[in-house]
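*Asks:* Here's my sequence, what's the structure:
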Amino acid sequence: MNIYVLLKRTFDTEEKITLSNGSIDEGGAEFIINPYDEYAIEEAILLKDQHGGTVTVLTIGNEEAEKQLRTALAMGCDQAVLINLEDDIEESDPFTTSKILAHYFKGKAFDIILGGNVSIDKSSGQVGPRLAELLDIPYVTTITKIMVDGKTAVIERDVEGDSETIETSLPLLVTAQQGLNEPRYPSLPGIMKAKKKPLEELELDDLNLDKEDIAPKSKTIEVYLPPKKEAGKILEGELETQVKELFTLLRTEAKVI
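*Replies:* Numbering: from 1, shown residues only. Presented below is the predicted three-dimensional model:
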C-alpha cells in the first residue's frame with residue numbers, strides 16, 4: 001500500500017507568539033508539526049503495519065521544515081519529500097498549496113493520502129478537499145476511524161458532536177480529526193534511524209510549474225490580537241433594581257434588545 005501524509009510546519013501555540021507590523025514575528029517563534037497532522041502520521045503508520053507498504057511524508061516550505069520531516073521519519077514514516085519554495089514565492093494560500101501538491105502527485109501511484117483536518121495557524125481546512133478535487137478522487141474529512149479491506153474503506157467521521165459512517169473506494173484522501181488515535185513520540189532508535197532515511201528535496205522546476213501557475217487567490221491583510229475583554233459588572237441592590245439596571249445595560253451598552 002502506497003500511503004502519503006501531508007504535513008505542515010506550524011507555530012507552536014503553547015509558546016509565546018508576538019506580532020510585528022501586522023504579521024507574526026517568526027524570529028522568536030517555535031515551530032512544530034501541525035497537531036492534526038500528527039494524527040494523520042500515526043494512522044498512516046498503523047495502516048502500513050496492518051497492510052504493508054510505504055509511508056511517505058510530504059511538506060511544502062523551506063529548509064527549516066526538514067526538522068519536522070525528520071521528526072515524522074523518527075515516528076515511523078519511511079521517506080520524506082520537501083518541496084522547497086524559499087527562492088520561488090513569498091506568499092501562498094490553499095489554492096497555491098493544493099495546486100503544487102496536485103502536480104507532485106501527477107503520475108504517482110497512491111492508495112491513501114492523509115492530512116490534518118485543519119492547521120492550527122490558519123484553520124481553513126481547504127487543502128485536503130481542494131487536492132482531492134484536483135486529483136479527482138473521493139475524500140472524507142474529520143475522520144475518527146478508518147478500516148481498509150482491499151480497495152474499500154469504511155470510515156467514521158465527526159459531524160458536530162455526532163458521527164457518520166461512510167463506505168468508499170481507494171484511492172482516497174482523508175483528513176484526521178482529534179480522537180482518531182494517540183500519536184506516538186519518536187523513540188531514540190527511531191530518531192537515529194531517521195537520520196539515514198531518504199529525504200528528497202524538490203523545487204518548482206522539478207514539478208514543471210511556474211510562479212504564475214500558483215499565484216495565490218487570496219491575501220492576508222493583517223494579523224492582530226482580539227481586543228481585551230473588559231471586566232464584567234456586578235449589579236447590586238434589591239432584585240427589582242438589579243433587573244431594571246440589567247435591561248437598561250442590555251439595551252444601551254450591549255445593544256442586544
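
*Asks:* shaky segments in the stretch 51-200 of the chain?
*Replies:* Scanning the stretch 51-200 of the chain for pLDDT under 70 picks out nothing.

*Asks:* Do a quick rundown of the strands in it.
*Replies:* Taking DSSP state E, counting those that start in this stretch as the test, the strands found in the stretch 51-200 of the chain are 54-61, 79-84, 112-116, 139-149, 152-159, 162-169, 172-176, 199-202.

*Asks:* Serialize the ones you listed to JSON lines and add fields for mean neighbour count.
*Replies:* Just so you know, the C-beta spots here come from the backbone N, C-alpha and C atoms, and that holds for glycine as well. Below are the strands of the stretch 51-200 of the chain laid out as JSON lines (neighbours: other Cβ atoms under 10 Å):
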{"stretch": "strand 54-61", "mean neighbour count": "23"}
{"stretch": "strand 79-84", "mean neighbour count": "21"}
{"stretch": "strand 112-116", "mean neighbour count": "28"}
{"stretch": "strand 139-149", "mean neighbour count": "18"}
{"stretch": "strand 152-159", "mean neighbour count": "17"}
{"stretch": "strand 162-169", "mean neighbour count": "12"}
{"stretch": "strand 172-176", "mean neighbour count": "26"}
{"stretch": "strand 199-202", "mean neighbour count": "14"}
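
*Asks:* Looking at per-residue confidence, what score does K16 get?
*Replies:* Note for K16: predicted pLDDT of 77.

*Asks:* what about the longest helix in this protein?
*Replies:* Secondary structure assigned by DSSP state H gives helix 35-51 as the longest helix of the chain.

*Asks:* For that helix, buried residues please.
*Replies:* 35-48 (16 or more other Cβ atoms under 10 Å).

*Asks:* Could you do stretch 235-242 as well?
*Replies:* For stretch 235-242, using 16+ other Cβ under 10 Å, no residue counts as buried.

*Asks:* hmm, back to that, what packs against the longest helix of the chain?
*Replies:* strand 2-6, strand 54-61, helix 66-75, strand 112-116, strand 139-149, strand 172-176 (3 or more Cβ pairs under 8 Å, 6 or more residues apart in numbering; DSSP states H and E).

*Asks:* could the buried residues of helix 35-51 go into CSV alongside pLDDT and distance to Y4?
*Replies:* Listed next are these as CSV, based on pLDDT from 0 to 100; distance: Cβ to Cβ, whole Å:
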residue, pLDDT, distance to Y4
P35, 95, 19
Y36, 95, 16
D37, 97, 12
E38, 97, 15
Y39, 97, 15
A40, 97, 10
I41, 98, 11
E42, 98, 15
E43, 98, 12
A44, 98, 8
I45, 97, 13
L46, 97, 15
L47, 97, 11
K48, 97, 11
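
*Asks:* from those, which is closest to R184?
*Replies:* If you rank the buried residues of helix 35-51 by distance to R184 using Cβ to Cβ, E42 comes first, at 6.2 Å.
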